[in-house]
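>>> What shape does this take:
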Amino acid sequence: MERTLILLKPDAMQRGIAGEIISRFERVGLKIVATKMLAPDQDHYFKHYETIGQMISRRGQQAFDVTLELMQAGPVLAVVLEGVEAISQVRKMVGTTEPKSALPGTIRGDYAHVSFAHADTQGQGIANLIHASGDASDAEQEIAHWFKDDELLAYAVVHEKFTQPTADNQDA
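Reported below is the predicted structural model:
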């Protein structure tokens with residue numbers, strides 16, 4: 001089983017669609033193993049977006065600054081999801097970073113429409129609802145940054161009988 005981090009950004013929280021977004025992940029069989037709502041400070045976001053994600057290094061200081069401003073506009077909901085190939089599954093469901101380019105059926109394609117060009121002309125971050133870990137290394141570092149080990153819970157869900165071999169279902 002693989003774990004990944006999602007952050008429901010302030011725009012998702014302010015629009016009241018957190019439950020709709022989370023239910024999409026649950027419906028495909030991903031399990032919530034941790035969640036909490038918080039309003040991180042600038043240092044917390046610096047570690048997330050630059051120390052781990054290297055945003056300034058990749059996209060520049062201005063992109064980092066507008067993202068940080070957007071992220072501090074309200075609370076976020078941090079969630080750890082677990083499942084078979086969870087990182088790639090979540091990335092597929094979330095859609096491309098630019099909502100305008102995200103396919104219908106993805107979270108960003110269904111709930112957002114802003115383009116990079118529009119956000120740039122407004123001097124603001126792209127309101128794209130959700131962050132999802134990019135790869136296994138990012139997921140591991142991000143989960144450790146947002147959650148303590150004892151906040152990650154282990155429990156069984158019904159559909160795991162279809163994804164995890166046990167003595168009971170190996171013969172099926």
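>>> Give me the neighbour count for the residue nearest to Leu103 when sequence neighbours are not counted.
Sequence neighbours aside, Gly109 is the residue nearest to Leu103 in space, at 4.8 Å (criterion: C-beta to C-beta, 6 or more residues apart in numbering). For the C-beta atoms, the positions are set from N, CA and C on the backbone; glycine is no exception. By other C-beta atoms under 10 Å, the residues close to Gly109 number 17.
>>> and Gly109, what are its phi and psi?
phi -70, psi -30 (degrees, to the nearest 10).
>>> the strands in this structure, which residues?
Assigned by DSSP state E, the chain shows strands spanning 2-8, 31-38, 76-83, 130-132.
>>> Nearest to Ser57, out of those strands?
Among the strands of the chain, the nearest to Ser57 by C-beta to C-beta is strand 130-132 (17.5 Å).
>>> just to revisit the earlier point, and the strands of the chain as JSON lines, adding distance to Ala117, mean neighbour count and mean pLDDT?
As requested, those are exported to JSON lines (distance: least, C-beta to C-beta, whole Å; neighbours: other C-beta atoms under 10 Å; pLDDT from 0 to 100):
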{"stretch": "strand 2-8", "distance to Ala117": "24", "mean neighbour count": "24", "mean pLDDT": "98"}
{"stretch": "strand 31-38", "distance to Ala117": "32", "mean neighbour count": "16", "mean pLDDT": "98"}
{"stretch": "strand 76-83", "distance to Ala117": "25", "mean neighbour count": "23", "mean pLDDT": "98"}
{"stretch": "strand 130-132", "distance to Ala117": "21", "mean neighbour count": "23", "mean pLDDT": "97"}
